[in-house]
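Enquirer: how would this look folded up:
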Amino acid sequence: MFPKKGNVFPSADGEVRLEVSYRQTIAAALHRELGDTHRAVKTTMRWTGASERTAKNWIAGSHGPSGEHLISLLRHSDEVLIGLLILAGRGEAIVALRLVEMRDRLEEVREVIDALIDSDGDKPKSESS
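Expert: Numbers count the residues shown, from 1 in each chain. Take a look at the predicted model:
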């Protein structure tokens, strides 16, 4: 019988245990996106409906979210989504996500350029000075 120390076993090739990597991945993603302030805890609580202690545990990396809380984090945080895709070995999905983000940003830039051109009679703002 195994001692009551948890239910995660190291892999045969000695890789880091998934549970530890998972907790660390969530914590690092939340740190990158929200920082280390109390506001990070409050934002995490608002995103997920979790208690303050629970949010602090996720940010500290001592525990990881499960179920509905994880889905809420994925819904609100691109950093958490990317971290979990990397952990799952699904890097190709990150490329697709980044392409969509770049397309959206390029569209915003195009709209700004069009507005600048239209507002100055087909001349860019820098030429009208």
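Enquirer: could you say which helix or strand contains Leu106?
Expert: In this structure, Leu106 sits in helix 91-119 according to DSSP states H and E.
Enquirer: Likewise for Trp58?
Expert: Trp58 belongs to helix 52-60 when assigned by DSSP H and E.
Enquirer: Which strands or helices does that helix pack on?
Expert: For helix 52-60, the elements it packs on are helix 18-34, helix 38-48, judged by 3 or more CB pairs under 8 Å, 6 or more residues apart in numbering; DSSP states H and E. From N, CA and C alone the C-beta is placed, and that goes for glycine too.
Enquirer: of all those helices, which lies closest to Leu116?
Expert: Across the helices and strands packed on helix 52-60, the minimum distance to Leu116, taken as CB to CB, is reached by helix 18-34, at 31.7 Å.
Enquirer: List the buried residues in that closest one.
Expert: 22-23, 25-27, 29-30, 33-34 (16 or more other CB atoms under 10 Å).
Enquirer: From these, pick the one nearest Val80.
Expert: Closest approach between the buried residues of helix 18-34 and Val80, by CB to CB: Ala29, at 4.4 Å.
Enquirer: and Glu33, what pLDDT?
Expert: Glu33 is assigned a pLDDT of 94 by the prediction.
Enquirer: what's near enough to touch it?
Expert: Glu33 sits next to 77-80 when contact means CB atoms under 8 Å, 6 or more residues apart in numbering.
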